[in-house]
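Undergrad: got a sequence here, can you model it:
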Amino acid sequence: MRIKNLQVGYEKLTPAKARILAHLIGDGCVYRSSETNYVIKLEVTDAESLNQFETDLISVYGLKPTRGTNPSGKTGRLIPFVSLLSKRAYEDLLTYCEFRSSTWYVPSQIFSADLSIKREFLRALFDDEGTVVRDRKQRVVRLYSINLNGLLQIQRILQEFDMESRITPGYGFKRNVFGLIPKDTKRFAEKIGFNLSRKQSLLK
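TA: Reported below is the predicted structural model:
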């Protein structure tokens, strides 16, 4: 197996790298498919997220990802993905955190970063796992996860933006999903917001 070198400076935590980490926590995955294949992948229907993920991978690692589609396990519909095969990028990402749905956590490097890095991390995570719903006469933002400890860490970061939130259990088909809900949707729109235009437009 030929190991591709990463570009100089890939170790630095940039806004692009913060988004990569958040997408991999959200709808992405990092895994070994064989002894020689090390996979970094995002599989979503939103072209904006895929384009951003591809651009960020190139920006951080200097490697060109590939694109493709996989059939949905539920509907059979083809879901597009962006994937990068790189042992060194794989190993670099695993120095930050775990990415499994039940065990992910916010990297310590994110906690020690400035607010601009934290904002990009939150935006990408809310792009993947967040939604905007109507509750009575107002719109409410929710971030969903089965990982309560991870959401408690996100709650701590939101407090750095002077934003209070609550965590409510009981979502999902099995009622095992937690929802983190910022108390002030307008403040969330001003301080964080979404990168996805379709979700951002719902806040306005």
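Undergrad: can you pull out the helices in this structure?
TA: With helices called from DSSP state H, the chain shows them at 15-26, 47-61, 87-93, 108-111, 115-129, 148-160, 185-191, 197-203.
Undergrad: adding distance to Arg139 and mean neighbour count, write those helices out as JSON lines.
TA: No exception for glycine: its C-beta is placed from N, CA and C like everyone else's. Output for the helices of the chain, formatted as JSON lines (distance: least, C-beta to C-beta, whole Å; neighbours: other C-beta atoms under 10 Å):
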{"stretch": "helix 15-26", "distance to Arg139": "21", "mean neighbour count": "25"}
{"stretch": "helix 47-61", "distance to Arg139": "20", "mean neighbour count": "19"}
{"stretch": "helix 87-93", "distance to Arg139": "34", "mean neighbour count": "17"}
{"stretch": "helix 108-111", "distance to Arg139": "27", "mean neighbour count": "15"}
{"stretch": "helix 115-129", "distance to Arg139": "14", "mean neighbour count": "22"}
{"stretch": "helix 148-160", "distance to Arg139": "17", "mean neighbour count": "17"}
{"stretch": "helix 185-191", "distance to Arg139": "6", "mean neighbour count": "16"}
{"stretch": "helix 197-203", "distance to Arg139": "6", "mean neighbour count": "14"}
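Undergrad: with distance to Ser72 and mean pLDDT added, can I get those helices in JSON lines?
TA: Output for those, formatted as JSON lines (distance: least, C-beta to C-beta, whole Å; pLDDT from 0 to 100):
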{"stretch": "helix 15-26", "distance to Ser72": "17", "mean pLDDT": "98"}
{"stretch": "helix 47-61", "distance to Ser72": "16", "mean pLDDT": "98"}
{"stretch": "helix 87-93", "distance to Ser72": "25", "mean pLDDT": "97"}
{"stretch": "helix 108-111", "distance to Ser72": "31", "mean pLDDT": "98"}
{"stretch": "helix 115-129", "distance to Ser72": "16", "mean pLDDT": "98"}
{"stretch": "helix 148-160", "distance to Ser72": "25", "mean pLDDT": "98"}
{"stretch": "helix 185-191", "distance to Ser72": "30", "mean pLDDT": "95"}
{"stretch": "helix 197-203", "distance to Ser72": "19", "mean pLDDT": "92"}
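Undergrad: to Ile167, which of the ones you listed lies closest?
TA: Proximity to Ile167 (C-beta to C-beta) singles out helix 148-160 among the helices of the chain, at 5.5 Å.
Undergrad: closest one to Lys4 among the helices of the chain?
TA: helix 87-93 (7.1 Å).
Undergrad: contacts for the closest one, please.
TA: The contact list for helix 87-93, computed with C-beta atoms under 8 Å, 6 or more residues apart in numbering, reads 1, 3-6, 10-11, 20-21, 24, 30, 32, 38-40, 57, 61, 63, 99.
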